[in-house]
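K.L.:
Following is a predicted model, sequence given first.
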Amino acid sequence: MGCVESMNYEILMRDGSFKECRDYIKGHFKEYLEVVPGFKVFDIHLIGIPPIAIGLENDFIVFPYTKPCHGTFLLRVEDTAEAARLRATKKTK
Amino acid sequence: MNLYQKEGPIILSGDTAVKPATALLVLGCPQVPVQTSIALYLIFRLKKAGIVPVVAGNKAANTLLVIADPDRHYLGEVMDLDRAVAQISEKKRDFDRCFVFIHNDAGISYAATMGAISKAKLFTLIYGEHEEDLVKQVDFPCTTIAAKAVHNPLPLKKAIDEVAPWAA
């Protein structure tokens, strides 16, 4: 999967701070993992204040996406293979 | 006009090739006017100190600089911000100093990211209407240079001159 524009994503939060996005993931998803900045989800290197939370719900992945002019968005994307990869990363931690 | 330019030259000193010190300037959203002016000033000071500056920003921020310096008297390499983050994260490239321009929450996120992925000495340049609140959010190791500057770059220039990060 390529850049964000080509993904079929849903925006769960916009105009929030990075910390609000992290708190949302921790508060709304039973399953999540914490990663360092630069960690790759799809082809995106995540931007944020460590630790960066990534939520998992079945085949859905919820992650923060930051742009200089638009702040941090919380995106929800369905992808079976990427969800499985992230779960495997979690187990090896 | 070529927006992006390749890496700078290696200086030959005697028999040994000496790579000059490098600095990455991470630009924020250019909606606050002082950013472009201060970026050009900082590039000027870094170059004068023998440090090779590289600019990384989004297309708008980069284009503002390129248009302001068409003969590239100050600007050297200019790169896309996402590409810079990718190259540093993947350990393909790094810098000796990193300056992150901050006037919003996204700027803090980019600075924290640079602090985590890069070995560069990190400087946060904080300005704009919310400068005081943003300074309080910096809880990672760096040198913070801050001033309540929006349209007038002089307070931020003065703060930079006091720290003299090109000499640090």
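P.N.:
Alright, I've got the coordinates.
K.L.:
Just to be sure, A:Phe63 is in a strand?
P.N.:
Yes. Using DSSP: H, G, I helix; E, B strand; the rest coil, the assignment for A:Phe63 is a strand.
K.L.:
Give me the neighbour count for the closest residue to B:Glu77 other than its chain neighbours.
P.N.:
Closest residue to B:Glu77 in three dimensions, ignoring its sequence neighbours and counting by C-beta to C-beta, 6 or more residues apart in numbering or on different chains: B:Val54, at 4.5 Å. Yep, even glycine has a C-beta here, placed from its N, CA and C like the rest. Neighbour count for B:Val54, taken as other C-beta atoms under 10 Å in any protein chain shown: 23.
K.L.:
Test my guess that B:Val54 contacts B:Leu24.
P.N.:
Yes. Assessed by C-beta atoms under 8 Å, B:Val54 is found in contact with B:Leu24 at 5.3 Å.
K.L.:
so where's chain A uncertain?
P.N.:
A:1-2, A:91-93 (pLDDT under 70).
K.L.:
Spatially central residue in it, please.
P.N.:
Nearest to the mean C-alpha position of chain A, by C-alpha atoms, centre = their mean, lies A:Phe63 at 1.3 Å.
K.L.:
residues touching that one, list them.
P.N.:
Applying C-beta atoms under 8 Å, 6 or more residues apart in numbering or on different chains to A:Phe63 gives the contacts A:Val41, A:Ile44, A:Leu46, A:Ile52, A:Ile54, A:Gly55, A:Leu74, A:Leu75, A:Val77.
K.L.:
any idea how far A:Ile52 is from A:Val41?
P.N.:
Distance, A:Val41 to A:Ile52, using C-beta to C-beta, to the nearest Å: 9 Å.
K.L.:
go on, B:Lys48?
P.N.:
Relative to A:Ile52, B:Lys48 is positioned 38 Å away (C-beta to C-beta).
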